[in-house]
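Quick one: sequence and predicted model below, then my questions.
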Amino acid sequence: GDSVTQMEGPVTLSEEAFLTINCTYTATGYPSLFWYVQYPGEGLQLLLKATKADDKGSNKGFEATYRKETTSFHLEKGSVQVSDSAVYFCALKTSYDKVIFGPGTSLSVIP
Amino acid sequence: GAGVSQTPSNKVTEKGKYVELRCDPISGHTALYWYRQSLGQGPEFLIYFQGTGAADDSGLPNDRFFAVRPEGSVSTLKIQRTERGDSAVYLCASSLGAGNTQYFGPGTRLTVL
């Protein structure tokens, strides 16, 4: 069945470091891909999305490119801030409109 | 504008009791989804409504779980004979319709003692 795999956390980085969180997926057809973020004590928020191969989603300095050939959607940010500390979820949406989430990667950014 | 709201924010109950969790979607959103998030895991799909009808209930774990959306807006997730394993955060999301981005509510944290 459809699934999402993410790199395991927790990830701890110093402020201004480069961030990569790896995400790969397995799906039939052509899913839409998403990154959601969950800040401490808050609900899930959509961070960025891409709906077809080679699309790049971007928001708040974060980027991810839909790579069909490697079935990946890695999240990157050039310079993280303390306020980026959160749990990040990679997800895909199937043609049946069901969102399948990865297990989440916890990020802590220290000053 | 107002986002998805869920009530209560926290619910503590005893094993065997019945609980109802409520979701108010974003105004105008015709699609509504329920997910369950266990500690340390990503959300798992439970059920999806398009209008008043359940378009996909394949994620409901067993017949103790049931959800309704009688007027195509507010939805209630009902859990009978709760078990300790039902403890989780129950998330609701809504969208303009099938294929559109889902927006999530803050969740209801259910604890079954």
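Received the coordinates, thanks. Numbering: from 1, shown residues only, chains lettered A, B, ... in the order given.

Next to chain A, which bits of chain B? Give me the list.
For chain B, the contact set with chain A under Cβ under 8 Å from any Cβ of the partner chain comprises B:31, B:33, B:35, B:40-45, B:48, B:55-56, B:58-59, B:91, B:93, B:98-99, B:101-107. C-beta coordinates here come from the backbone N, C-alpha and C atoms, glycine included.

For residue B:90, list the residues it contacts.
B:6, B:21, B:34, B:35, B:36, B:37, B:77, B:107, B:108, B:110 (Cβ atoms under 8 Å, 6 or more residues apart in numbering or on different chains).

again with residue B:44
Under the criterion of Cβ under 8 Å, 6+ apart, the neighbours of residue B:44 are A:101, B:35, B:36, B:37, B:38, B:59.

Look at the residue in chain B positioned nearest to chain A and give its secondary structure.
Using Cβ to the nearest Cβ, the closest approach of chain B to chain A is made by residue B:42 at 3.2 Å. Three-state call for residue B:42 (DSSP: H, G, I helix; E, B strand; the rest coil): coil.

partners of the nearest residue to it once chain neighbours are set aside in the sheet?
Closest residue in space to residue B:42, ignoring its immediate chain neighbours: residue A:101 at 3.2 Å, by Cβ to Cβ, 6 or more residues apart in numbering or on different chains. In this structure, residue A:101 bridges to residue A:91 when assessed by DSSP bridges.

Counting neighbours, what do you get for whatever residue of chain A ends up closest to chain B?
Residue nearest to chain B within chain A: residue A:101 (3.2 Å; Cβ to the nearest Cβ). By other Cβ atoms under 10 Å in any protein chain shown, the residues close to residue A:101 number 22.

cool, and residue B:87?
Residue B:87: 16 neighbours (other Cβ under 10 Å).

pLDDT wise, what is the nearest residue to residue B:18 once chain neighbours are set aside at?
Leaving out its chain neighbours, the residue that sits closest to residue B:18 by Cβ to Cβ, 6+ apart is residue B:80, at 5.3 Å. In this model, residue B:80 is scored at 97, pLDDT.

circling back to that earlier point, are any of the residues of chain B next to chain A buried, and which?
Those of the residues of chain B next to chain A that meet the buried threshold are B:31, B:33, B:35, B:42-45, B:48, B:55-56, B:59, B:91, B:93, B:102-107, by 16 or more other Cβ atoms under 10 Å in any protein chain shown.

Contact partners for residue 64?
Assuming you mean chain A. Contacts for residue A:64 were tallied using Cβ under 8 Å, 6+ apart; they are A:23, A:33, A:35, A:48, A:50, A:56, A:57, A:58, A:73, A:74, A:75, A:76.

looking at chain B here, not the other one
Taking Cβ under 8 Å, 6+ apart, we find residue B:64 in contact with B:79, B:80, B:81, B:82, B:83.
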